[in-house]
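Visitor: compute the structure for the input listed below.
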Amino acid sequence: MLLIREKRSISLIFLAETNVWQWILPIALGLMVGVLFSMRRKHDYSQVIILEAEEFRQNMRKGQLVDIRKEEDYKARKINGSRNYPKGSIFQNLSRFRKDQAIFIYDEAQTAAIKSLAKKLIRKGFRPVYILKGGLKDWNFTLKENQ
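Guide: Here you go, the predicted model:
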């Protein structure tokens with residue numbers, strides 16, 4: 001019993017001798033950082049728009065047309081007027097894009113990867129971003145082919 005009372009009195013003495021700001025200040029700072037993170041700007045992903053082939057074709061000349069397939073696939077066949085920036089290199093070439101114009105992107109097929117890429121472009125400040133629904137496999141119009 002005597003030992004237990006000594007431990008309690010030691011802990012009470014420790015609390016009495018500790019400056020209150022030594023433990024309140026870190027808690028307050030942690031709460032403030034948490035509030036700042038919760039208030040940070042959310043991105044508007046409603047500007048990632050998936051277009052049918054006909055609507056994509058009618059509007060693609062109003063912006064930047066980007067093919068994100070591999071270079072050899074792009075050289076074999078492409079939508080006329082497009083530029084090729086494979087998925088892995090598009091973010092290394094962002095300085096070549098204009099933020100004041102829409103971006104029209106397409107791949108061989110519409111996948112989750114192209115949607116993810118479009119969301120990353122939105123986070124980088126490019127708006128709006130249009131995706132060809134179904135990708136090139138659903139493109140019913142003339143393609144430029146190299147033989």
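Visitor: spit out the contact partners of the residue nearest in space to the middle of the chain.
Guide: By Cα atoms, centre = their mean, the chain has its centre lying nearest to residue 120, at 2.5 Å. For residue 120, the contacting residues are residue 91, by Cβ atoms under 8 Å, 6 or more residues apart in numbering. For the C-beta atoms, the positions are set from N, CA and C on the backbone; glycine is no exception.
Visitor: looking at this, it is in a helix?
Guide: Yes: counting by DSSP: H, G, I helix; E, B strand; the rest coil, residue 120 is found in a helix.
Visitor: which pLDDT value goes with it?
Guide: Note for residue 120: predicted pLDDT of 93.
Visitor: correct me, but residue 146 touches residue 76?
Guide: Yes: the pair formed by residue 146 and residue 76 meets the contact definition of Cβ atoms under 8 Å, at 6.2 Å.
Visitor: which one of those two is surrounded by more residues?
Guide: Neighbour count, other Cβ atoms under 10 Å: between residue 146 and residue 76, residue 76 has more, with 13 against 8.
Visitor: so the more buried one sits against residue 145, correct?
Guide: Yes: counting by Cβ under 8 Å, residue 76 touches residue 145, with 6.9 Å between them.
Visitor: next, the buried residues of the host helix or strand of residue 31.
Guide: Per DSSP states H and E: residue 31 is located in helix 21-39. Within helix 21-39, no residue counts as buried by 16 or more other Cβ atoms under 10 Å.
Visitor: elements contacting it?
Guide: Helices and strands touching helix 21-39, by 3 or more Cβ pairs under 8 Å, 6 or more residues apart in numbering; DSSP states H and E: there are none.
Visitor: contacts for the helix or strand following that helix next, please.
Guide: Once the chain leaves helix 21-39, the next helix or strand it forms, by DSSP H and E, is strand 48-51. Strand 48-51 has contacts (Cβ under 8 Å, 6+ apart) with 59, 110, 115, 118-119, 122, 128-133.
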